[in-house]
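>>> Here is a sequence together with a model predicted from it:
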Amino acid sequence: MESTTDSNGNTLSAGDSVIITKDLKVKGFKKGLKRGTVIKNIRLTEDTEAIEGKVEGSMLVIKTMYLKKK
């Protein structure tokens, strides 16, 4: 089984905190997610290239290529 890794190759686990490395546009948000935004207490998905995290009260699925472990 492959493990979920961030953009730098660090292994991610459920409950980790991650930082967004690039400004991202998100459907349904007035503003996109800014670079440097911290997402705490992530959840892993079945897709090893994505995680779930809560941002501004909404649960989002974000590709790991835009994240680094805090």
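Looks like it arrived, so ask away.
>>> quick one, what contacts the residue nearest the centre of the chain?
Centroid-nearest residue in the chain: Ile62, 4.7 Å away (criterion: Cα atoms, centre = their mean). Counting by Cβ atoms under 8 Å, 6 or more residues apart in numbering, Ile62 touches Ile20, Leu24, Ile39, Ala50, Ile51, Glu52, Gly53. In this view, the C-beta of every residue, glycine as well, is placed from N, C-alpha and C.
>>> What separation is there between the fifth one and Arg35?
Spelled out, it's Ile51. Ile51 sits 17 Å away from Arg35, taking Cβ to Cβ, to the nearest Å as the criterion.
>>> what about those two, which has more around it?
Set Ile51 next to Arg35 and count neighbours by other Cβ atoms under 10 Å: Ile51 wins out with 23 against 12.
>>> Surely that one is within a strand?
Yes: remark: Ile51 belongs to a strand, assigned using DSSP: H, G, I helix; E, B strand; the rest coil.
>>> Report the separation between it and Lys30.
From Ile51 to Lys30 the distance is 23 Å (Cβ to Cβ).
>>> Give me the buried stretch members for stretch 4-23, please.
Thr4, Thr5, Asp6, Ser7, Leu12, Asp16, Val18, Ile19, Ile20, Thr21 (16 or more other Cβ atoms under 10 Å).
>>> what does that stretch rub up against?
Outside of stretch 4-23, the residues within contact range by Cβ under 8 Å, 6+ apart are 3, 32-44, 48-49, 51, 53, 62, 64-70.
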